[in-house]
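Engineer: Attaching a predicted model along with its sequence, questions to come.
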Amino acid sequence: MTLHTDRPNRIMSLPTVRIGTELAVLLADYLGDQEKNQGYDGLMRRAADHRIYDRVSRWRTASDPEATTVAVVRKLLPVADRTHMAKALGWSLGDLENQLTSALPKAVRDHARTLSCRLPRWHRL
């Protein structure tokens with residue numbers, strides 16, 4: 001997993017940044033990872049492997065995706081990735097998993113929207 005937490009980021013450097021914003025930036029970076037079995041594609045593959053693909057794919061089109069459970073978060077994000085995220089944020093693994101129950105569905109939705117913007121217009125119809 002390649003998380004670029006050392007990369008300068010204007011949003012994260014502002015003094016009024018909220019914890020949710022830091023997590024959102026971290027998840028956007030994670031989902032954008034193009035390494036094998038990583039990022040959005042890896043997450044969707046794991047969703048299919050655990051037979052929850054339909055649930056996760058609904059997050060992509062929901063205007064306000066429902067929160068999920070910690071069990072689903074654990075199925076979708078490998079423990080090494082969750083541990084790395086928790087360490088980058090300075091949180092416990094349990095705190096991160098609880099925050100991911102609502103942040104992950106929204107991050108998947110936001111990432112899917114960026115993907116649809118890259119498609120030619122006839123693909124989006």
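Structural biologist: Noted; the coordinates are in hand. Numbers count the residues shown, from 1 in each chain.
Engineer: contacts, neighbours, all on C-alpha from now
Structural biologist: Will do.
Engineer: Low-confidence ranges, the protein, go.
Structural biologist: Scanning the chain for pLDDT under 70 picks out the ranges 1-19, 116-125.
Engineer: Okay, strands next: where are they in this structure?
Structural biologist: Ranges of strands within the chain: none, based on DSSP state E.
Engineer: roughly how far apart are the residue lying closest to residue 74 once chain neighbours are set aside and residue 34?
Structural biologist: Spatially, and ignoring its direct neighbours in sequence, residue 74 is nearest to residue 97 (7.8 Å; CA to CA, 6 or more residues apart in numbering). Residue 97 is 23 Å from residue 34, where distance means CA to CA, to the nearest Å.
Engineer: Contacts made by stretch 52-62 with the rest, please.
Structural biologist: The contact list for stretch 52-62 (CA atoms under 8 Å, 6 or more residues apart in numbering) reads 44, 47, 65-66, 105-106, 108-110, 112-113.
Engineer: Going by neighbour count, which of the residues you listed are buried?
Structural biologist: 44, 47, 65, 105-106, 108-110, 112 (16 or more other CA atoms under 10 Å).
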